[in-house]
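>>> Next come a sequence and a model predicted from it.
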Amino acid sequence: MVLLSKRKICKFCENPEEKVDYKNYKVLRRFVTEQGKIIPSRITGTCARHQRELTKAIKRARNIALLPYSYDVTQSYK
Amino acid sequence: MRYYENLFIVNPNIEQEKFTMLIQAVKAEIGRLNGSILNLEDWGKRRLAYPIKKNRYGSFVLVQFQSENVGLVKELESWLRLNQSILAFMTVVLDEKPNVPVVAAPANPVTPESVEK
């Protein structure tokens, strides 16, 4: 279970090669819910610095239609 | 000197010829505004996360350039806005000189057959 799992480590600190970039929407997609909401860092374990970069990147990606602003879950699952 | 990048989405239904001309025009416009292009990438046709002007697909083009001209972005954007074939665009100031070439975010290439009109 999530509660018992060991301390989460920020994905971007773990792997410094991986920059937070709005163009890399495939990575960003891991940090939004099915509805398209940004997942809080307390859930994903992202550190404060990278979470800040992440929110900015996600918002940029939304602006240019790489990520949805919102996603109607009920519609796609029928 | 500042580094910028602009990602813009072109209507995918225009002819290849017009598309090429548009790219040339964008290059020319950046040149006219004293910018020099570092990198230009055509990401090809992709599905948009949400429809823009009733289009569900769009051709993404990324341009990275540098300039000393502070007014460039404003002028470039007002120029882009006038073009009917450009669905959306976004300019971002880069913190550092971009590595050329940028890895284009891997596409889910859209084949012409899979596109419903």
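The structure has been received and is ready for your questions. What you see is a predicted model; the values in this text were computed from it and never measured.
>>> Going by C-alpha atoms from here, please, whenever you check contacts or count neighbours.
Noted.
>>> Just list the residues touching the residue sitting nearest the centre point of chain A, thanks.
The centroid of chain A falls nearest to A:Phe31 when counting by CA atoms, centre = their mean (1.6 Å). Contacts of A:Phe31 were listed using CA atoms under 8 Å, 6 or more residues apart in numbering or on different chains, and they are A:Ile38, A:Ile39, A:Thr44.
>>> just those now: which is nearest chain B?
Comparing the contacts of A:Phe31 against chain B with CA to the nearest CA places A:Ile38 closest, at 15.5 Å.
>>> ok, and the closest non-adjacent residue to the closest one?
Spatial nearest neighbour of A:Ile38, chain neighbours left out: A:Val32 (4.4 Å); criterion: CA to CA, 6 or more residues apart in numbering or on different chains.
>>> cool, and B:Gly35?
Using CA to CA, 6+ apart, the closest residue to B:Gly35 is B:Ser67 (4.5 Å).
>>> Return the set of buried residues in the lengthiest strand in chain B.
Ordering each strand of chain B by length in residues (DSSP state E) puts strand B:35-52 first. Buried residues in strand B:35-52, counting neighbours by 16 or more other CA atoms under 10 Å in any protein chain shown, are found at B:35-40, B:43-50, B:52.
>>> Thanks a lot, see you next time.
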